[in-house]
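Peer 1: task: produce atomic coordinates for the following.
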Amino acid sequence: MTRKATAGALDASTRYGINLDLVPSTDPDGTVDIEDVYAFCRTVAAARRAAPPAAPSGPWAAGEHPADWAYRTERVAASSVDNWKARYATDPAGVGRTLTELTPVLGIRPPGAAAAVKPAQRGASGYLNGVEELRAEAPRQVASAVTAVSPPPLFPGSGDYPLATASGVPPAALAHLPWRARLAAAWEPNTVRVMEMARNYAGPDGEVMAAYELANNPAVGAYVASVQEWYVSAGATDNSPEAADEAYRQMFGDA
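Peer 2: As a prediction, this is how the structure comes out:
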């Protein structure tokens with residue numbers, strides 16, 4: 001490093017491996033300070049987010065979206081194609097690999113199935129709850145399970161939205177959040193943390209971010225466990241238990 005820099009900037013460059021020669025300075029004499037480093041990091045991060053991900057190779061045809069290929073080869077249901085495309089946009093390599101590893105299920109696209117099965121319910125922020133998200137992956141299995149046993153509500157006594165929150169934040173402030181963030185925020189006692197969730201998980205990317213970042217949240221985990229118990233006890237099959245199990249694993253993991 002040949003440029004002048006403040007102690008804070010030097011510490012950040014050492015800790016995070018930043019080449020200060022690449023950091024533009026806002027100081028008249030060219031000294032790089034910590035705010036310059038922060039601004040540089042934000043610029044680099046924004047550029048990386050804006051760059052289109054490289055499309056991974058796979059068994060799909062040239063120009064064919066992997067989710068369309070998975071539907072064509074009877075690996076996913078028609079109702080879940082858009083959801084898979086959204087996930088693929090955030091992690092092409094990982095989701096592409098997942099789609100290729102799914103087992104084809106004969107009859108996943110039977111004639112008239114779309115009219116006979118209730119579509120998954122979505123709101124402005126995504127699926128209303130975990131059952132509806134699971135329904136998108138296995139519509140016939142979930143329809144069978146719902147007929148046998150009532151599914152657990154996201155919030156006992158009030159359905160998809162809380163009557164109150166642990167932090168005292170008005171429940172209406174959480175209404176725009178995807179279900180994982182809505183659930184985690186309702187049980188979070190720290191007001192600052194709740195407001196961070198309300199900001200971080202709002203918008204078109206909130207559903208995908210919450211799925212990754214809140215997977216280990218205690219409230220989310222407890223609800224997912226109740227959905228798992230319901231799904232298994234209701235005998236969620238449609239002459240294809242392997243398809244039902246695979247759909248559940250794709251949504252909630254093996255736990």
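
Peer 1: residues near residue 209, how many?
Peer 2: Using other C-beta atoms under 10 Å, residue 209 is surrounded by 16 other residues. (Glycine included, C-beta is placed from N, CA and C.)

Peer 1: excluding sequence neighbours, find me the nearest residue to the residue lying farthest from the centre of the chain.
Peer 2: The C-alpha centroid of the chain is most remote from residue 29, which lies 45.8 Å away (C-alpha atoms, centre = their mean). With sequence-adjacent residues excluded and distances taken as C-beta to C-beta, 6 or more residues apart in numbering, residue 29 is closest to residue 4, at 7.1 Å.

Peer 1: pLDDT at the one you found, what is it?
Peer 2: Note for residue 4: predicted pLDDT of 86.

Peer 1: same deal with the one 4 residues further on?
Peer 2: The confidence metric pLDDT takes the value 84 at residue 8.

Peer 1: ok now do it, which residues does it touch?
Peer 2: Applying C-beta atoms under 8 Å, 6 or more residues apart in numbering to residue 8 gives the contacts 33, 34, 37.

Peer 1: CA atoms of stretch 24-41 as CSV?
Peer 2: Extracted C-alpha coordinates of stretch 24-41, given in CSV (Å, rounded to 0.1, in the frame of the first residue of the first chain):
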residue,chain,number,x,y,z
PRO,A,24,-11.1,6.3,-3.8
SER,A,25,-10.3,9.0,-1.3
THR,A,26,-12.6,12.0,-0.5
ASP,A,27,-9.8,13.8,1.3
PRO,A,28,-8.0,16.7,-0.6
ASP,A,29,-4.6,15.2,0.2
GLY,A,30,-5.6,11.7,-0.9
THR,A,31,-5.7,10.1,2.6
VAL,A,32,-8.1,7.2,2.7
ASP,A,33,-10.3,7.1,5.8
ILE,A,34,-12.7,4.5,7.2
GLU,A,35,-15.7,6.1,5.5
ASP,A,36,-13.9,5.8,2.1
VAL,A,37,-13.4,2.1,2.8
TYR,A,38,-17.1,1.7,3.7
ALA,A,39,-18.2,3.5,0.6
PHE,A,40,-15.9,1.3,-1.5
CYS,A,41,-17.3,-1.9,0.0
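
Peer 1: quick one: buried residues of that stretch?
Peer 2: Neighbour counts using 16 or more other C-beta atoms under 10 Å place 25, 32, 33, 34, 36, 37, 40 of stretch 24-41 among the buried residues.

Peer 1: in this protein, which helix or strand is least confident?
Peer 2: helix 113-116 (a mean of 39; mean pLDDT, DSSP states H and E).

Peer 1: now the element after that one, going C-ward?
Peer 2: Sequence-wise, the next helix or strand downstream of helix 113-116 (DSSP states H and E) is strand 122-123.

Peer 1: contact partners of that following strand?
Peer 2: For strand 122-123, contacts defined as C-beta under 8 Å, 6+ apart pick out 128, 132.

Peer 1: what about the strands in this structure?
Peer 2: Along the chain, counting by DSSP state E, strands occupy 122-123, 126-127.

Peer 1: quick one: closest of these to residue 176.
Peer 2: strand 122-123 (8.8 Å; C-beta to C-beta).

Peer 1: can you list the strands that the closest one pairs with?
Peer 2: Partners of strand 122-123 in the sheet, by DSSP bridges, are strand 126-127 (antiparallel).

Peer 1: chain center to the partner strand, what's the gap?
Peer 2: Here strand 126-127 is found 10 Å from its chain centre; the criterion is C-alpha atoms, centre = their mean, to the nearest Å.
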